[in-house]
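Engineer: Here you go, sequence then predicted model.
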Amino acid sequence: MTQLARDIDIFDQTTLPDEDEVPDRRATIRHIKSLVRRELHGDAKVQVFGSSRVGTDLPTSDVDIAVNHDIIWKRWLDQGGDRNASQDVINEVIKPDMIHAARKVAAAIRRDPKFGNTVAITRCRVPLVRTSCEINELRTGIDIVFGQKNGIAAAKWTDRMIESVHPELRPLTKSVKALLKQKGLGDVSRGGLGSHAVTCALVCYLNHVKRQMKDGQEGKRGEKEEKRGEKEEKEDGELDAEVGTVDLGEAFVGFLREMGKIDVEKEVLTLERWRAPKPSAWMTEDEFARSGRPRTSAPDGGFAAKDPPRLGIADPADGNRNLCAGSHDVQRVLKGFRDAVYNNGPGSYLTRFFNVEDALTGTTLIDDEDDGLSSSKRERSRGGERADRPGKIAKMEGTRLPPPDI
């Protein structure tokens, strides 16, 4: 085991929730469920998704909650819409109902003394309520979305990847997220790479590495049918089980190095292939013109992607959907990966890649290149002050949001 692998494993174990915090977290979720059902409908589904659901959350991570009920989907269902249709298509129809639900729940939250500052963010693709809740001195940041099914499906998929396919996924995801967060590159609203996109990119990379391991083993064993420690690959490109675990340090460095090499105008990441050709539908119009492809291969519905060109990571639930469509500052993300791995390797300490202590305590040092302070660092903590329990703090004071509904 490399030094970096040991550090990543320790970081993973250290960032697991404390046993005494689990009941308080559950009490917070129960309180939110009760409030939402009281305001919207008694049968509303209120489910946790995202990193806190699958165990890839950091001490500063918020809890993501999805609220679903036919009252939110009514417009779509009334016009005969398919419940299994693309979430993006459904959202175009039900957005007024998502906004109405967000404002109604936000108003109820503001009347509850257990909650902190609350905003209903409606001028964005997926309206949400952003708040924090304090129970038994544990303050938890909360994001609530409405009518969204993708997050729940993504959490189930990630659970399966961690439990049955890539046991390395959880510690690697945490370390990559911590690195991006401290570089100010982990927030999609600021052009960075979101948590689920990081997870999927890592699965694509681990699939690639283990295919290479499998090919190497097959080459050595010739035509033998029995391959100890291996299982066949599924048709959809996911490995059923591990070919053999990889060293966490080597995987972490390899992922950063390979991500830094990606040509975003030509290559995308898929479960089946690392650095596959970029689909025309994911290109901007100028990007397509530079590609030299015939005009007949242009997307039928026109070019939905906007400049600058985006990184492409295929959604495991829908291979035609790019998880990074909103990540407009991808060149900074890729540069961040290249800079992190420069002069570092599997033998390095994790602190060479990011400040481990700050990642554990909830303090973030961010390069503010976009506000004229490119050479300075700004210390930020959730809610503007340290929590009583390190890391369990409300929203960052400096989070940039669309104008809220107040």
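Structural biologist: Arrived safely.
Engineer: rest of the way, CA atoms for contacts and neighbours
Structural biologist: Noted.
Engineer: Would you mind pulling up the elements that the longest helix anywhere in the chain packs against?
Structural biologist: Assignment by DSSP state H gives helix 195-221 as the longest helix of the chain. Contacting helix 195-221 under the criterion 3 or more Cα pairs under 8 Å, 6 or more residues apart in numbering; DSSP states H and E are the following elements: helix 169-182, helix 248-260.
Engineer: ok, and for it, which residues are buried?
Structural biologist: If you call a residue buried by 16 or more other Cα atoms under 10 Å, then helix 195-221 has these buried ones: 195-211, 213-214.
Engineer: likewise stretch 132-152?
Structural biologist: Applying a neighbour-count criterion of 16+ other Cα under 10 Å, the buried positions in stretch 132-152 are 132-134, 138-152.
Engineer: just stretch 267-286 next, same as before
Structural biologist: Judged by neighbour count (16+ other Cα under 10 Å), stretch 267-286 contains these buried residues: 267-272, 274-275, 278-285.
Engineer: Equivalent analysis for stretch 297-315, please.
Structural biologist: Neighbour counts over stretch 297-315 (16+ other Cα under 10 Å) mark 298-299, 303, 305-306, 308-315 as buried.
Engineer: Equivalent analysis for stretch 98-118, please.
Structural biologist: Taking 16+ other Cα under 10 Å as the basis for neighbour counts, the residues of stretch 98-118 that come out buried are 98-107, 109, 115-116, 118.
Engineer: These: which two are farthest apart?
Structural biologist: Looking at those by Cα to Cα, the two members farthest from one another are M98 and G116, with 21.9 Å of separation.
Engineer: follow-up on the earlier one: quick check: which of the helices and strands packed on helix 195-221 has the most neighbours on average?
Structural biologist: Of the helices and strands packed on helix 195-221, the one with the most neighbours on average (mean count of other Cα atoms under 10 Å) is helix 169-182, at a mean of 23.
Engineer: Spell out which residues make up each domain of this protein.
Structural biologist: Taking automatic domain parsing as the domain assignment, the ranges for the chain are 11-153, 167-210+243-372.
Engineer: gap between the longest one and the chain center?
Structural biologist: Looking back up the chat, that one is domain 167-210+243-372. Here domain 167-210+243-372 is found 11 Å from its chain centre; the criterion is Cα atoms, centre = their mean, to the nearest Å.
Engineer: And for the shortest one?
Structural biologist: For domain 11-153, the gap between its own C-alpha mean and the chain's C-alpha mean amounts to 16 Å (Cα atoms, centre = their mean).
Engineer: for this protein, what are the low-confidence residue spans?
Structural biologist: Applying pLDDT under 70 to the chain picks out residues 218-243, 362-406.
Engineer: From the centre of it outward, give me the first residue you hit.
Structural biologist: Note on the chain: the residue nearest the mean C-alpha position is S195, at 1.6 Å, using Cα atoms, centre = their mean.
Engineer: Pull the contacting residues for that one.
Structural biologist: With contact taken as Cα atoms under 8 Å, 6 or more residues apart in numbering, S195 is in contact with 50-51, 177, 186.
Engineer: Go through those residues and say which is closest to R352.
Structural biologist: Within the contacts of S195, proximity to R352 (Cα to Cα) peaks at K177, which comes in at 15.1 Å.
Engineer: Correct me if wrong: that closest one contacts G186.
Structural biologist: Yes - look at K177 against G186 with Cα atoms under 8 Å: they come within range, at 6.7 Å.
Engineer: quick one, phi/psi of S132?
Structural biologist: When read as degrees, to the nearest 10, the backbone of S132 gives phi -140, psi 150.
Engineer: now swap in A154 and tell me
Structural biologist: The phi and psi torsions at A154 (degrees, to the nearest 10) take the values phi -60, psi -40.
Engineer: wait, what's in contact with it?
Structural biologist: Contacts of A154 were listed using Cα under 8 Å, 6+ apart, and they are 50, 196, 317.
Engineer: S61 is in contact with the first one, correct?
Structural biologist: If I follow you right, that is G50. No - here G50 does not reach S61: they are 9.9 Å apart, not a contact under Cα under 8 Å.
Engineer: Just the helices from the chain, written as ranges.
Structural biologist: Along the chain, the segments classed as helices by DSSP H run 3-14, 22-39, 51-54, 70-78, 87-110, 150-160, 169-182, 195-221, 248-260, 285-291, 330-341, 356-361.
Engineer: Switch those over to a markdown table, and while doing so, append distance to C324 to every line.
Structural biologist: Supplementary listing: those in a markdown table, determined by distance: least, Cα to Cα, whole Å:
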| stretch | distance to C324 |
| --- | --- |
| helix 3-14 | 25 |
| helix 22-39 | 29 |
| helix 51-54 | 17 |
| helix 70-78 | 25 |
| helix 87-110 | 14 |
| helix 150-160 | 15 |
| helix 169-182 | 15 |
| helix 195-221 | 7 |
| helix 248-260 | 14 |
| helix 285-291 | 16 |
| helix 330-341 | 9 |
| helix 356-361 | 24 |
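Engineer: which one of those helices lies closest to S348?
Structural biologist: Among the helices of the chain, the nearest to S348 by Cα to Cα is helix 3-14 (5.6 Å).
Engineer: Does anything pack onto the closest one? Which helices or strands?
Structural biologist: Using 3+ Cα pairs under 8 Å, 6+ apart as the contact criterion, the secondary-structure elements in contact with helix 3-14 are helix 169-182, helix 248-260.
Engineer: hmm, back to that, adding distance to T245, write the buried residues of stretch 297-315 out as JSON lines.
Structural biologist: Supplementary listing: the buried residues of stretch 297-315 in JSON lines, determined by distance: Cα to Cα, whole Å:
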{"residue": "A298", "distance to T245": "41"}
{"residue": "P299", "distance to T245": "40"}
{"residue": "F303", "distance to T245": "41"}
{"residue": "A305", "distance to T245": "37"}
{"residue": "K306", "distance to T245": "39"}
{"residue": "P308", "distance to T245": "37"}
{"residue": "P309", "distance to T245": "34"}
{"residue": "R310", "distance to T245": "31"}
{"residue": "L311", "distance to T245": "28"}
{"residue": "G312", "distance to T245": "26"}
{"residue": "I313", "distance to T245": "23"}
{"residue": "A314", "distance to T245": "24"}
{"residue": "D315", "distance to T245": "24"}
